[in-house]
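> Structure for the following, please:
(4 chains)
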There are 2 protein chains.
Amino acid sequence: MFRHVGKLGHMSSGRVEQTERRSGALLDHLARRMRLRSESVLAPLGLRPRHLVALTVLREAGGISQQGLASSLQIDSTNVVGLLNDLETAGLVERRRSPEDRRRHVVSLTETGATRLNEAECALAAAEDEVLGALDPAERDTLYELLRRASSGAPATCVEAAGEDPDTLC
Amino acid sequence: MFRHVGKLGHMSSGRVEQTERRSGALLDHLARRMRLRSESVLAPLGLRPRHLVALTVLREAGGISQQGLASSLQIDSTNVVGLLNDLETAGLVERRRSPEDRRRHVVSLTETGATRLNEAECALAAAEDEVLGALDPAERDTLYELLRRASSGAPATCVEAAGEDPDTLC
DNA sequence: CAGATCGTTTGTGTAGCGCCAACCATTTAT
DNA sequence: ATAAATGGTTGGCGCTACACAAACGATCTG
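Coordinates of the predicted model:
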C-alpha cells in the first residue's frame, strides 16, 4: 500500500521499473558527506564525529552500561573503552559503578558534556546547511525528528528483534 | 504532500529549545547500524555497501563523469576507478567515452545494473526493518523522500554553493 | 606547440575497527 | 567455599577504506 512509486520513470523505454525505496544507501551517502564536512568543524573542539555520535546517544539513553553503549553504537566493547577514555578525560562523560552490580559502569553525560555537545551541534550549522541544502527548515526538523525516533527506538541488542514479520513479501 | 509526521508534535512555537537539533550524529549513527546489517545481506550478491551507494547515486544522477561521481560520493577520484572497475566487470555499470570530450567517461547504470540494484534494495528489507523499527511505513516513506531529495539536491561540488555565510547567528 | 584536464596505475600512509588473549573485580551457581 | 560466568581494561594483530602523491597516455584548448 505504501508502494506507490511515483514518477521518475526516466530514460528507460516503456518499462515500468518499480524502484525499491530503501533508505540505506542514501543514509550512508548523506552521513558520509556530513561526516566529512563535520570533521574540520569539530576538530577545534577536540571532538571527532564518533565522539559526537556517542555523546548524542548518551544524551538520549541516559545512564547506560558500557555494553549497552557498545551494542547501541554497534562497535566492539573493547573499542568503547578508548572512546570513553577520550570523553572522560575531557570531562564530558562520567563512569560510575553501578550500585546493584559493581562490575558495571554506568555511563552518563556530565553537565559540561551536555553543554559541549550543544556547542558542537551549534557549530555544525554550516555543515548541515551544505549537506541538507535542498531541504527547508521544516523538512529538516521533520528529518531530525524521524532520525531521533528511529535511533532511540532501535533496540540496543538486535537479538530480540530478529523474529520474523509479515513484511517478507518482497 | 508527504509531510504529515503525525503527532510527535513538538513545539513549533518553541524557543524553549535547550538542545540543538542537528541531524549529523544521528545520520551517522543510523547509517552505521544500517551498513553493518546490510553487509551480510549484500555479500551474497557480490556487493558491498559502498557499491550500493554508488549505484544509487548513479540511478539518480544518470550519465555522469567520473569526476562528478567522485565529488558526489566525496571520495578521491583515484578510488573511483577501482570502484567502477568492480561494478563494470560485474556488468552493472557502463563507461562510455563522451562524444564532445573524449577524455571523459560517461558512467551510467546498465539494464542489469538497475535490476541488481533493485534486487539488492529488496533484499535489504529485513535490515531496514530492524534499523527503522521504530518508524511506521508512512514515516519510513517520508524519511526516504527527505533523504532522496537531500541527496539529489546536494551540489556535487560544494564550491559554488559556498558563496555566503549569513547564518552565523548560532 | 604548450599547457591543462580526464582517467588510470602504483605505491605509501593512516584511521577506524574487529577480533583474540590475558587479566582484575565482582557476581552467581554449585 | 570454590568454581564459573560476566563487565571492564589492556595490548596486540590485521584488515578495509580511504586520502594523497607521482607519473603516464589520451585528449582538449589556448
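
> and the longest helix seen in chain A, which residues are buried?
Of all the segments assigned as helix in chain A under DSSP state H, the longest by residue count is helix A:24-42. Counting neighbours by 16 or more other CB atoms under 10 Å in any protein chain shown, one finds that the buried residues in helix A:24-42 are A:24-35, A:37-38, A:41-42. Glycine gets a C-beta too; all of them are placed from N, C-alpha and C.

> Quick one: list the elements packing against that helix.
The elements that helix A:24-42 packs onto, with contact taken as 3 or more CB pairs under 8 Å, 6 or more residues apart in numbering or on different chains; DSSP states H and E, are helix A:49-61, helix A:111-123, helix A:125-131, helix B:24-42, helix B:49-61, helix B:137-153.

> Can you say which of these is nearest to DNA strand D?
helix B:49-61 (3.9 Å; CB to the nearest atom of the strand).

> packing partners for the closest one?
Helix B:49-61 makes packing contacts with helix A:24-42, helix B:24-42, helix B:66-73, helix B:77-89, strand B:93-97, strand B:105-109, helix B:111-123, helix B:137-153 when contacts are defined by 3+ CB pairs under 8 Å, 6+ apart.

> Please list all residues in contact with the nearest residue to A:L45 once chain neighbours are set aside.
Excluding its sequence neighbours, the residue lying closest to A:L45 (CB to CB, 6 or more residues apart in numbering or on different chains) is A:A120, at 5.5 Å. In this structure, A:A120 makes contact with A:42, A:45, A:47, A:52, A:55, judged by CB atoms under 8 Å, 6 or more residues apart in numbering or on different chains.

> what about 7 Å?
By CB atoms under 7 Å, 6 or more residues apart in numbering or on different chains, A:A120 lies in contact with A:42, A:45, A:47, A:52.

> Around the third one, how many other residues sit close by?
Per other CB atoms under 10 Å in any protein chain shown, the neighbour tally for A:L47 reads 24.

> So what does it look like in phi/psi?
The phi/psi pair for A:L47 (degrees, to the nearest 10) reads phi -120, psi 150.

> ok, so what distance separates the residue nearest to A:L45 from A:S108?
A:A120 sits at a distance of 18 Å from A:S108 (criterion: CB to CB, to the nearest Å).

> re the thing from before, pLDDT at the residue nearest to A:L45, what is it?
Confidence at A:A120, expressed as pLDDT, is 93.

> And for A:A126?
Residue-level confidence at A:A126 comes out at 88, pLDDT.

> does A:R97 have beta-bridge partners, and which?
Applying DSSP bridges to A:R97 gives these bridge partners: A:H105.

> Correct me if wrong: it contacts A:H105.
Yes: if you go by CB atoms under 7 Å, A:R97 and A:H105 touch, sitting 6.4 Å apart.

> Compare neighbour counts for the two and give me the winner.
Of the pair A:R97 and A:H105, A:H105 is the one with more neighbours under other CB under 10 Å, namely 21 against 11.

> I figured that one was touching A:P99, is that so?
No: with contact taken as CB under 7 Å, A:H105 and A:P99 are classed as non-touching, separated by 11.9 Å.

> Kindly report the residues of chain A close to DNA strand C.
A:48, A:50, A:74-76, A:78-79, A:101-103 (CB under 7 Å from any atom of the strand).

> Restricting to these, which residues neighbour DNA strand D?
Of the residues in the residues of chain A next to DNA strand C, proximity to DNA strand D by CB under 7 Å from any atom of the strand holds for A:78, A:101, A:103.

> And stretch A:93-108, what's buried?
Across stretch A:93-108, burial judged by 16+ other CB under 10 Å covers A:93-94, A:104-108.

> end to end, how far does it reach?
Using CA to CA, to the nearest Å, the end-to-end distance of stretch A:93-108 comes out at 6 Å.

> Give me the mean pLDDT for that stretch.
94.

> which other residues reach that stretch?
Residues lying outside stretch A:93-108 but in contact with it, judged by CB under 7 Å, 6+ apart, are A:58, A:62-66, A:69, A:84, A:87-88, A:109-110, A:113.

> now stretch A:64-74
Taking CB under 7 Å, 6+ apart as the criterion, the residues outside stretch A:64-74 that touch it are A:53-54, A:57, A:61, A:76-77, A:80, A:84, A:104-107, A:156-157, B:32-33, B:36.

> make it 8 Å
When contacts are taken as CB under 8 Å, 6+ apart, the neighbours of stretch A:64-74 outside the stretch itself are A:53-54, A:57-58, A:61, A:76-77, A:79-81, A:84, A:98, A:104-108, A:154, A:156-157, B:29, B:32-33, B:36.

> Quick check: residues of chain A near DNA strand D?
Residues of chain A found near DNA strand D, taking CB under 7 Å from any atom of the strand as the criterion, are A:32, A:65-67, A:77-78, A:80-82, A:84-85, A:95, A:101, A:103-105.

> If we only consider the residues you listed, which is nearest to B:D136?
Nearest to B:D136 among the residues of chain A next to DNA strand D is A:R32, at 27.2 Å by CB to CB.
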